[in-house]
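[1] Build me a model:
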Amino acid sequence: MTSAAPGIPGTPAAPSAPAERLRGHYGFAQVARMEWIKLRTLRSTWWTLAITAVGSVGMGVAIGFNTRNAAGDLTNNALAGMVPGLLFTGVLGVLAMTGEYTSGTIRATLTAAPRRVLLLAAKSAVFGAVTLALGEASAFVSFFAAGAALRHGIAAPTLGQPGVLQAVALSGTSFCLIGLLGLGLGAIIRHSPAAIGVLVGGVYVLAQMVGAFSHSAGIYMPILIVGNSISTTRTECVTGPGNGAQCIHFLSPWTGFGMLCLYAAVPLVIGGWLLARRDA
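    Next comes the predicted model:
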C-alpha cells in the first residue's frame with residue numbers, strides 16, 4: 001500500500017526509515033522501537049516536554065515563595081504546577097496520534113506494522129514511558145524546589161512525613177495518564193483540532209462546570225482528581241454558608257489514581273477497536 005505525499009494527492013510517499021526497516025517479521029519490541037525513533041526525532045516533542053517541566057516547576061516555586069500559611073498543605077502547594085502541565089502532555093498525546101493522519105505517514109506505518117492494536121499498544125507504551133519519566137521528574141523537582149523557596153520560618157515538608165511521598169509519586173503519574181487520554185482521543189477522532197477541543201473541553205472546561213454545580217460529581221473529574229485527591233496529604237475544609245466549617249471529602253489518593261487510569265484506558269480501548277476497523 002502506498003500513501004499520498006502531504007499536499008499532493010495521488011503521489012506516492014516513501015515510507016519512513018523506521019517503518020521501512022520494520023518490514024517482515026516483527027513483534028511488540030520492534031514496533032516500540034519504531035515508535036521511539038519517531039518520537040525522539042521530532043524536535044517539537046522535546047521542546048514541548050521541556051516547557052511543560054519548566055513551567056510546572058516554576059509555578060511550584062512561585063507558590064512556595066508566596067506561601068505564608070505554615071499550617072496549609074505545603075505538599076499540595078508545591079505540586080500545584082502539575083495541573084496546568086497536564087494540558088501540554090494531553091495535547092502532545094493527541095498530536096502523537098493525529099499527526100500521522102495529518103502528514104499521511106499513518107499509511108506507511110500500517111504497511112510496515114499492519115497489526116493495528118499492537119501498533120497502538122506500542123505507541124502508548126513508548127509515549128507513556130516518556131511522559132511518566134517527565135512527570136515523576138517534574139513532581140520531585142517541584143517538591144524540593146518549592147520547599148527551598150519557602151519563606152524563613154516555614155518548615156519545608158519532607159518525603160518521610162505521612163502521605164508526602166505518595167502524593168509526589170502519584171502526581172508524577174498524572175502527566176502519563178492524561179497524555180494517554182489524549183492519545184486515545186487522537187485515535188478515536190483522528191483530527192487534531194477536534195481531538196484537542198474535546199480534550200480541553202472535557203478535562204478543563206467541563207470539569208470546572210461540573211465541580212461548580214455538583215460537588216458529588218465534580219470529585220470524579222480528572223483535573224480535580226489531580227489537584228484535590230492524589231496530590232494532597234490531608235482532608236481540606238472549607239466554610240459552608242451558614243453551617244460553619246465543613247470538610248469536603250474528595251476521593252482518596254488511590255481511588256483517584258484508579259479513576260485516572262480508567263480515564264486513560266477507556267479511550268485507548270475504544271481507539272484501538274476503531275483503529276482495527278477503519279481505513280487509514
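[2] Only C-alpha atoms from now on, for both contacts and neighbour counts.
    Noted.
[3] which residues of the stretch 101-250 of the chain score low on pLDDT?
    235-248 (pLDDT under 70).
[4] Now do the helices in it.
    Ranges of helices in the stretch 101-250 of the chain, per DSSP state H, counting those that start in this stretch, are 105-112, 116-149, 164-189, 192-200, 206-213, 215-218, 222-225.
[5] counting contacts, what elements does the last one pack onto?
    Contact here means 3 or more Cα pairs under 8 Å, 6 or more residues apart in numbering; DSSP states H and E; on that basis helix 222-225 packs against helix 206-213, helix 253-277.
[6] residues contacting Leu134?
    By Cα atoms under 8 Å, 6 or more residues apart in numbering, the contact set of Leu134 is Leu49, Ala53, Gly172, Phe175.
[7] contacting residues around the third one?
    Residues in contact with Gly172, defined by Cα under 8 Å, 6+ apart, are Met82, Leu132, Leu134, Gly135, Glu136, Ala137, Ser138, Ala139, Phe140.
[8] neighbours of the nearest residue to the first one once chain neighbours are set aside, just the number please.
    The reference is to Met82. Closest residue to Met82 apart from its sequence neighbours, by Cα to Cα, 6 or more residues apart in numbering: Ser56 at 5.3 Å. Number of residues near Ser56 (other Cα atoms under 10 Å) recorded here: 25.
[9] wait, isn't Ser56 in contact with Glu136?
    No: using Cα atoms under 8 Å, Ser56 is not in contact with Glu136, being 11.5 Å away.
[10] So which of the contacts of Leu134 is surrounded by the most neighbours?
    In the contacts of Leu134, the most neighbours by other Cα under 10 Å go to Phe175, 31 neighbours.
[11] quick one, what contacts that one?
    Met82, Gly85, Leu86, Thr89, Gly90, Thr131, Leu132, Leu134, Gly135.
[12] Not counting sequence-adjacent ones, nearest residue to it?
    Closest to Phe175 by Cα to Cα, 6+ apart is Gly135, at 5.2 Å.
[13] Tell me who's in contact with the one you found.
    Ala53, Ser171, Gly172, Thr173, Ser174, Phe175, Cys176.
[14] Among the contacts of Leu134, which pair sits farthest apart?
    Leu49 and Gly172 (13.6 Å; Cα to Cα).
[15] Now the residue nearest to Met82: which helix or strand?
    helix 43-65 (DSSP states H and E).
[16] Now do that helix and helix 164-189, the angle between them.
    140 degrees (axes from the mean of the first three to the mean of the last three Cα atoms, to 10 degrees).
[17] Show the subsequent helix or strand relative to helix 43-65.
    helix 74-78.
[18] What helices and strands are in contact with that next one?
    helix 43-65, helix 116-149, helix 164-189.
[19] if you set the cut-off to 7 Å instead, what comes out?
    helix 43-65, helix 116-149 (3 or more Cα pairs under 7 Å, 6 or more residues apart in numbering; DSSP states H and E).
[20] which one of the ones you listed lies closest to Gly186?
    Judging these by Cα to Cα, what sits closest to Gly186 is helix 116-149, at 11.0 Å.
[21] quick one, the closest one and helix 43-65 angle?
    Going by the same axes, to 10 degrees, helix 116-149 makes 30 degrees with helix 43-65.
[22] on that earlier part again, show me which of the contacts of Gly135 is closest to Pro267.
    Proximity of the contacts of Gly135 to Pro267 (Cα to Cα) peaks at Cys176, which lies at 14.0 Å.
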